[in-house]
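>>> What shape does this take:
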Amino acid sequence: MAGEPQDDCLFCKIVAGHVPATIVRETETTVAFRDINPQAPTHVLVIPKAHYKNAAELAAAEPVLAADVLREAQSVADEDKLESYRIVFNTGAGAGQTVWHAHAHVLGGRGLQWPPG
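This next block holds a predicted model:
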């Protein structure tokens with residue numbers, strides 16, 4: 001069910017503390033942690049603690065929680081002193097989503113080209 005922890009979800013396991021992660025920020029509603037395969041000097045994932053399969057589902061069901069994720073992405077950028085950065089939400093396999101739990105990638109610390117790939 002949307003919003004409920006999923007037993008087979010890696011990010012739900014991180015939220016529950018069952019899988020280790022390098023957590024850089026945590027709020028009542030979100031967790032931010034370093035990506036294990038960073039694509040930039042700063043590559044942090046910001047996730048809602050509630051399980052939604054992608055950003056679109058999250059925004060439709062809980063727009064305030066979606067805003068929390070974006071606010072925390074800004075906080076990550078501020079803490080890493082990023083003047084420029086990118087926030088990416090991959091939605092669907094064709095866009096590169098590999099974990100079916102909504103998450104924002106905060107990327108920065110190097111030049112980021114457009115289009116992204």
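>>> can you tell me which helix in the protein is longest?
The helix of greatest length in the chain, counted in residues with DSSP state H as the criterion, is given as helix 63-79.
>>> The following helix or strand past that one pairs with which strands, parallel or anti?
Counting by DSSP states H and E, the element after helix 63-79 in chain order, helix or strand, is strand 85-88. In the sheet containing strand 85-88, its partner strands are strand 104-108 (antiparallel), by DSSP bridges.
>>> what lines up beside the top strand by length along the chain in the sheet?
With DSSP state E applied, the strand covering the greatest number of residues in the chain is identified as strand 42-48. In the sheet containing strand 42-48, its partner strands are strand 30-34 (antiparallel), strand 104-108 (antiparallel), by DSSP bridges.
>>> buried set for the following helix or strand past that strand?
Secondary structure here is assigned by DSSP H and E; on that basis, the next helix or strand after strand 42-48 toward the C-terminus is helix 55-61. Using 16 or more other CB atoms under 10 Å as the burial criterion, the residues of helix 55-61 that qualify are 55, 57-59. Every residue, glycine included, has its C-beta placed from N, CA and C.
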